[in-house]
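Colleague: Sharing a sequence plus its predicted fold:
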Amino acid sequence: MFYRESGQYKTSYRADQAIFTIPQDRVFFALLMLAAFVGIPLVATNYIYTALLIPFLCLALAALGLNILTGYCGQLSLGTSAFMGVGAVAAWNLATRVPDLNILVVFALAGLVTAAVGMFFGLPSLRIKGFYLAVATLAAQFFLPWLFVKISWFTNHAASGVITAPQLTLFGWSIDTPMEKYLFALGVVTLLALAAKNLVRSNPGRQWMAIRDMDIAAEIIGIRPVVAKLTAFAVSSFFIGIAGALYLFVYLGSAEPDGFTITMSFQVLFMIIIGGLGSILGSFLGAFFILLVPIFLTRVPPMLGFDLSTALVSHLEFMVFGALIVIFLIVEPHGLARLWQITKEKLRIWPFPY
Amino acid sequence: MTIAQKKIGPTLLKVDNISLSFGGVKALTDISFEIREHEILAIIGPNGAGKSSMLNCINGFYHPQQGTITFRGEARKQMRPHEAASHGIARTFQNIALFKGMSTLDNIMTGRLLKMKAGLLSSAIYKGPAEREQIQHREYCEKIIDFLEIQAIRKVPVGRLPYGLQKRVELARALAAEPTLLLLDEPMAGMNLEEKQDMCRFILDVNDEFGTTICLIEHDMGVVMDISDRVVVLDYGRKIGDGAPEDVKNNQAVIDAYLGVQH
């Protein structure tokens, strides 16, 4: 009833190629952004920022990065967490060794360093595909955290091996409270998500998707697989690197470089599977879902009067996750993003379906 | 049809003594022929004659052990497929090779990637040069969409389209690159009569309006005799006939290859 396209004529290619072609979508998105930037800071508590919103933003950005590589370019990777580690360590080194550097420059450079590392570990993709490539990226997952511990230069020879993020300052604005950190992360993630959306709807995205769907045909059209795959690795790692830097600077505060374990790589992979492969929106939905389930499981049963032990809750979490992933793979392989799309298609003819 | 009025130009592509073998299997033996500008050349032959292998050699997918291919006066021994594409050779496949997860429009726009320049940074910013480029090339792709009458399926993911339309989208994607030479591998396989007639019309129109040289493989002899200017016949990896359709039809070696010989 409210979500209708009839009568909305596009008269230029520009209008037809916009991100949101329908005014209802534009209004909805504007409201969502208003809620994120203004509404949430008015109501949210510190607990919500630190337990849900800030990790959500960091991991959504990592999921976005992995989605570019796996969802759009079809290259399976299990090294996400290690690349986040590269981003975090690079940003930390830049920020502590060059203290005057603007934090945005630090993040961008950390992203570029991660992109270079990602391209290096993406080289096997030129020869191998699928699960074999996933195993090759595992090398990064085991090698990189080991390297950060082994060579103490990366942690500035700290005896404990712990890196602690310096004070965040952006153009004189010192970012201290969880709310300020949330707003900073939100700004960074919004900008990068927009860039990602632009990339996937123009030339680079089409190259990646062509390689994903039919690499032989892509090559015959004139796409060079080497270029397409390595740019996918670079862009994906750039996003993941910045996600890692955010994760350290905004969420954790201090971390051990070998704390970026394979568990987190899998977590991010589950996010894009549940959220939707090959969808920008899906990366966010998946990250939100994966972070919300444990909070839901710890908070809701006590409210209903069930007194579950913490051990049981953490076991339940594994079981629920396992079941959900199996269910999603069977029922809706395209994830939450696809469900959202189906809802919109149903809404077009609601309440008079024919 | 007024084939006689068509301007057939000089040689566009020349194949010289091409031999290709996979291990002990000789797929092609000592094949030579030429494709002239603006003509429609059909390659025919029984199954396994080496027709598809021949196309794969021309667009750099296979590398023949012997012989050279001269395209626009430039001889080459080996070439990667993307190099062939940038030289203006486009092709379609026998079993459709579309990007199934992308819409019809995106497939056609992908076919035009070689003409587009926007890199990572300007694409990420999008506003400005990248957007202008997208719109400019969209206009050309829309021309092809109109030409092939696929306006209604512009935004549909090609995986959901019926077979006949997928074949048409694949032709559209090949045309988007504005090729000089278009290689069609069985463009009418598995189609009914109406779809075949449509496809014939499109091929003739492409040849006529865009001036594209076409080299096609086809099994339907009616179609081949009707639309092609010249026919090359392969059998067991060897060339057994080459000439105008009427000559080839009466060539004893060709008749033997198709109908069998009494030993």
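Modeller: That came through fine.
Colleague: Excluding sequence neighbours, find me the nearest residue to A:Ile22.
Modeller: Residue nearest to A:Ile22 in three dimensions, not counting chain neighbours: A:Glu5, with 5.7 Å by C-beta to C-beta, 6 or more residues apart in numbering or on different chains. Every residue, glycine included, has its C-beta placed from N, CA and C.
Colleague: Surely that neighbour is in contact with A:Phe20?
Modeller: No - contact criterion C-beta atoms under 8 Å: A:Glu5 and A:Phe20 do not qualify, at 11.8 Å.
Colleague: Quick check: which element contains A:Tyr47?
Modeller: In this assignment (DSSP states H and E), A:Tyr47 forms part of helix A:46-48.
Colleague: so what does that helix touch, helix or strand wise?
Modeller: Of the remaining helices and strands, none touches helix A:46-48 by 3 or more C-beta pairs under 8 Å, 6 or more residues apart in numbering or on different chains; DSSP states H and E.
Colleague: Can I get the helix or strand following it in PDB? Just the C-alpha atoms.
Modeller: Heading C-terminal from helix A:46-48, the first helix or strand you meet, by DSSP H and E, is helix A:54-66. What follows is helix A:54-66, C-alpha atoms only, in PDB (Å, rounded to 0.1, in the frame of the first residue of the first chain):
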ATOM      1  CA  ILE A  54      30.600  -0.600  18.600                       C
ATOM      2  CA  PRO A  55      31.600  -4.200  17.900                       C
ATOM      3  CA  PHE A  56      28.700  -4.400  15.500                       C
ATOM      4  CA  LEU A  57      30.200  -1.500  13.400                       C
ATOM      5  CA  CYS A  58      33.700  -3.000  13.500                       C
ATOM      6  CA  LEU A  59      32.600  -6.500  12.500                       C
ATOM      7  CA  ALA A  60      30.100  -5.200  10.000                       C
ATOM      8  CA  LEU A  61      32.900  -3.400   8.200                       C
ATOM      9  CA  ALA A  62      35.000  -6.600   8.300                       C
ATOM     10  CA  ALA A  63      32.100  -8.600   6.900                       C
ATOM     11  CA  LEU A  64      31.700  -6.000   4.200                       C
ATOM     12  CA  GLY A  65      35.300  -6.500   3.300                       C
ATOM     13  CA  LEU A  66      35.000 -10.300   3.200                       C
END
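Colleague: Pull the distance from helix A:54-66 to the chain's centre.
Modeller: 3 Å (C-alpha atoms, centre = their mean, to the nearest Å).
Colleague: which residues does the residue in the stretch 251-354 of chain A positioned nearest to chain B contact?
Modeller: Closest approach between the stretch 251-354 of chain A and chain B, counting by C-beta to the nearest C-beta: A:Gly278, at 6.8 Å. Each residue near A:Gly278 by C-beta atoms under 8 Å, 6 or more residues apart in numbering or on different chains is listed here: A:67, A:71-72, A:209, A:212, A:334, B:101.
Colleague: Relative to A:Gly205, how far out is it?
Modeller: Distance of A:Gly278 to A:Gly205, given as C-beta to C-beta, to the nearest Å: 10 Å.
Colleague: any residues in contact with both of the two?
Modeller: Residues touching both A:Gly278 and A:Gly205 (C-beta under 8 Å, 6+ apart) are A:Tyr72.
Colleague: one step back: can you list contacts of the helix holding A:Tyr47?
Modeller: Helix A:46-48 is touched from outside by A:177-179, with contacts defined as C-beta under 8 Å, 6+ apart.
Colleague: out of these, which is most surrounded?
Modeller: In terms of neighbour count, A:Pro178 stands highest of the contacts of helix A:46-48 at 20 neighbours, by other C-beta atoms under 10 Å in any protein chain shown.
Colleague: How much space separates the nearest residue to it once chain neighbours are set aside from B:Met225?
Modeller: Once flanking residues are discounted, A:Pro178 sits nearest to A:Tyr49: 3.7 Å by C-beta to C-beta, 6+ apart. Computed as C-beta to C-beta, the A:Tyr49 to B:Met225 distance reads 76 Å.
Colleague: Pick out whichever of the two has more residues nearby.
Modeller: Remark: of A:Tyr49 and B:Met225, A:Tyr49 carries more neighbours, 23 against 16, as counted by other C-beta under 10 Å.
Colleague: wait, what's in contact with the more buried one?
Modeller: A:Tyr49 neighbours (C-beta under 8 Å, 6+ apart): A:178-179, A:181-182.
Colleague: residues in the stretch 101-250 of chain B within reach of chain A, list them.
Modeller: The stretch 101-250 of chain B has residues B:101-102, B:106, B:109-111, B:113-114, B:116, B:118-120, B:123-126, B:130-131, B:134-135, B:138-139, B:142, B:173, B:177 near chain A, with proximity defined as C-beta under 8 Å from any C-beta of the partner chain.
Colleague: what do you get if the cut-off is 6 Å, keeping everything else the same?
Modeller: The stretch 101-250 of chain B has residues B:101-102, B:110-111, B:114, B:116, B:118, B:120, B:123-124, B:126, B:130, B:134-135, B:138 near chain A, with proximity defined as C-beta under 6 Å from any C-beta of the partner chain.
Colleague: what's the farthest-apart pair in those?
Modeller: B:Gly101 and B:Ile135 (23.6 Å; C-beta to C-beta).
Colleague: So which of those two has more stuff around it?
Modeller: Regarding B:Gly101 and B:Ile135, a neighbour count based on other C-beta under 10 Å identifies B:Gly101 as having more, with 21 against 14.
Colleague: Tell me how far the closest residue to the more buried one other than its chain neighbours lies from A:Gly65.
Modeller: Counting by C-beta to C-beta, 6+ apart, B:Gly101 lies nearest to A:Asp213, which is 5.2 Å off, once chain neighbours are set aside. According to C-beta to C-beta, A:Asp213 stands 21 Å off from A:Gly65.
Colleague: Next: B:Asn250.
Modeller: 65 Å.
Colleague: the more surrounded of these two?
Modeller: Comparing B:Asn250 with A:Gly65 by other C-beta under 10 Å, the one with more neighbours is A:Gly65, at 33 against 11.
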